[in-house]
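Engineer: Prediction below, plus the sequence it came from.
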Amino acid sequence: MSRTALITGITGQDGSYLAEFLVAKGYRVHGVVRRTSVHSTGRIDHLLRERDGAIPPVETHIGDLTDPFAVHRIVQRVRPDEIYNLAAQSHVGVSFEAPLPTASVTALGALHVLEAVRATDWPIRLYQAGSSEMFGTVRETPQSETTPFAPRSPYAVAKVFAHHMTVHYRDAYGIHASNGILFNHESPRRGEQFVTRKVTKGVAEIVAGRRSTLTLGNLTARRDWGYAPEYVEAMWQMLQQPVADDFVIATGETHAVEEWVATAFSLVGLDWRGFVVTDERLRRPTEVDSLRGDARKAEAAFGWRPRTGFHGLVKLMVAADLRRVGVDPSQFPELAS
Ligand code: NAP
Ligand code: GDD
């Protein structure tokens, strides 16, 4: 009997990779999609089409995480074995401008999912998408599952709430619920407002002659960047453990935003200093200065390890954005291999 998974946030970067991964594993996959005035399923359209007359591998359900009735109704209708709660207002910078909507979906949305699981009369394994942003003004380096949280943004505060609620529902009601504390993970499907993709898209557009500058904020912040398809595998692995627990997923390496920028430009033979301008307005009221994760617990429990390093990640994202603007990446020696 094939298993059934429900993914909230299925239209996002991680949701799309996770849906592909679970379909390949033979799962029947359902996703929660909110009503939007523009097309929002571009990352999963290939999973929503019929294949050789067979029903599409993914089915969507209209719903908003801020609506507890919708969440409850969809869970009852789908009767999933596993739920991956990935839906969030996930942009840290935006959360300063929109703290209430961020709290509604990122914090209370997670509670709505927990309540819907608590109300079922069958067992469900739940994954909650936690974040390294929760470590904020980091109390130790590298950060692990035992590092105290010190959030620095409305987004991070909302994620801390969701994290503690998930632990609470596990303890109080015996729900198999796990928090993944994932450090930044990127891909060609990354939203264009996040710094990695903004940079690789900007580089491609400069090469294609569509623009001449790229405006960024704080270049000194440091992040632990990994490759998103590898991180969604860890989400699934967490739910296969006999006992629910919380796990950090990270590469263990940290790099400054400036290094990402310099590497992306150098791959196409350009010096970033001739193209990047900084704008104070893109700085956040409070910043997370440096993140570096320790994923040894996940490695010991289920053998998870990152496979793509910093340089390889920048390379694959620059190459993908060049192809998008009609430029063949192989003309650049560093991208040819
Ligand atoms: P993303 O690309 O921004 O996707 C967010 C998803 O949430 C989208 O499908 C979005 O739908 C959906 N969503 C937003 N508000 C919603 C609402 N009110 N009701 C229902 N769905 C809603 O984020 P991601 O990078 O894939 O990240 C997935 C999860 O992991 C998020 O919870 C994020 O906070 C967390 N996380 C991400 C990272 C990372 O580095 N990527 C690291 C740690 C944790 P629309 O398409 O309609 O906007
Ligand atoms: N977005 C953005 N845009 N960030 C910029 C820019 C810019 O123009 N210029 C500099 N930065 C800096 C930010 O100030 C931050 O220090 C760093 O680049 C990374 O910013 P983002 O790419 O927006 O990611 P994030 O680290 O804030 O948040 C992401 O990772 C978290 C995990 O730690 C998101 O995916 C969160 O949802 C996730 O939880």
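Structural biologist: Received it, and whenever you're ready, just let me know what you need. Ligands and ions are numbered 1, 2, ... in the order given.
Engineer: which parts of this structure sit against ligand 1?
Structural biologist: 8-9, 11-15, 32, 34, 36, 40, 64-66, 86-90, 105, 129, 131, 182, 184-185, 191 (C-beta under 6 Å from any ligand atom). In short, each C-beta sits where N, CA and C put it, glycine included.
Engineer: Can you turn the buried subset of these into a selection I can paste into ChimeraX?
Structural biologist: Buried subset of the residues of the chain next to ligand 1, written as a ChimeraX selection, criterion 16 or more other C-beta atoms under 10 Å:
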select :8,9,11,12,13,14,15,32,34,64,65,66,86,87,88,89,90,105,129,131,182,184,185
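Engineer: Restricted to helices, list the residues of the chain next to ligand 1.
Structural biologist: Secondary structure assignment (DSSP state H) places 13, 14, 15 from the residues of the chain next to ligand 1 within helices.
Engineer: Dump those to JSON lines, plus distance to residue 55.
Structural biologist: Converted to JSON lines, those look like this (distance: C-beta to C-beta, whole Å):
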{"residue": "13", "distance to residue 55": "25"}
{"residue": "14", "distance to residue 55": "24"}
{"residue": "15", "distance to residue 55": "20"}
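Engineer: Looking at those, which is nearest ligand 2?
Structural biologist: Distance to ligand 2 across those (C-beta to the nearest ligand atom) is lowest for residue 13, with 8.3 Å.
Engineer: pLDDT wise, what is the closest one at?
Structural biologist: In this model, residue 13 is scored at 98, pLDDT.
Engineer: residue contacts, the closest residue to it other than its chain neighbours?
Structural biologist: Closest residue to residue 13 apart from its sequence neighbours, by C-beta to C-beta, 6 or more residues apart in numbering: residue 189 at 4.7 Å. Counting by C-beta atoms under 8 Å, 6 or more residues apart in numbering, residue 189 makes contact with 13, 16, 17, 43, 228.
Engineer: what do you get for residue 27?
Structural biologist: 2, 3, 4, 5, 82.
Engineer: Among those residues, name the buried ones.
Structural biologist: Applying 16+ other C-beta under 10 Å to these flags 4, 5, 82 as buried.
Engineer: mind listing what the first one touches?
Structural biologist: Residue 4 makes contact with 27, 28, 29, 30, 78, 79, 80, 81, 82, according to C-beta under 8 Å, 6+ apart.
Engineer: if we go to 7 Å?
Structural biologist: By C-beta atoms under 7 Å, 6 or more residues apart in numbering, the residues touching residue 4 are 27, 28, 30, 78, 79, 80, 81.
Engineer: Likewise for residue 181?
Structural biologist: Residue 181 neighbours (C-beta under 7 Å, 6+ apart): 130, 131, 132, 134, 145, 246, 247, 248.
Engineer: Correct me if wrong: residue 208 contacts residue 328.
Structural biologist: No - if you go by C-beta atoms under 7 Å, residue 208 and residue 328 don't touch, sitting 11.3 Å apart.
Engineer: Show me which of those two is the more surrounded one.
Structural biologist: residue 208 (14 against 11; other C-beta atoms under 10 Å).
Engineer: returning to what we had before: would you list the phi and psi of the residue nearest to residue 13?
Structural biologist: Backbone torsions for residue 189, taken as degrees, to the nearest 10, come to phi -90, psi 0.
Engineer: same check, this time on the one 10 residues further on
Structural biologist: Backbone torsions of residue 199, given as degrees, to the nearest 10, read phi -70, psi -50.
Engineer: got the contact list for it?
Structural biologist: Taking C-beta under 7 Å, 6+ apart, one finds 214, 260, 261, 264 in contact with residue 199.
Engineer: packing partners for the particular helix or strand that has the last one in it?
Structural biologist: Applying DSSP states H and E as the criterion places residue 264 in helix 257-266. Helices and strands touching helix 257-266, as assessed by 3 or more C-beta pairs under 7 Å, 6 or more residues apart in numbering; DSSP states H and E, comprise helix 195-207, helix 310-324.
Engineer: what about the longest one, near ligand 2?
Structural biologist: Read it as helix 310-324. No - figure legend: helix 310-324 not in contact with ligand 2 (C-beta under 6 Å from any ligand atom); closest approach 12.3 Å.
Engineer: which helices and strands does that helix pack with?
Structural biologist: helix 195-207, helix 257-266, helix 333-336.
Engineer: Name the residues of that helix that come out as buried.
Structural biologist: Judged by neighbour count (16+ other C-beta under 10 Å), helix 310-324 contains these buried residues: 310, 313, 314, 315, 316, 317, 318, 319, 320, 321, 322.
Engineer: circling back: and the two most separated of the contacts of residue 189?
Structural biologist: 43 and 228 (11.1 Å; C-beta to C-beta).
Engineer: neighbour count winner among those two?
Structural biologist: For residue 43 versus residue 228, neighbours defined as other C-beta under 10 Å are more numerous around residue 228 (22 against 18).
Engineer: In CSV: the ones in helices among the residues of the chain next to ligand 1, plus distance to ligand 2.
Structural biologist: Listed next are these as CSV, based on distance: C-beta to the nearest ligand atom, whole Å:
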residue, distance to ligand 2
13, 8
14, 9
15, 13
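Engineer: Among these, which one lies nearest to residue 292?
Structural biologist: Distance to residue 292, by C-beta to C-beta, is smallest for residue 14 among these, at 20.8 Å.
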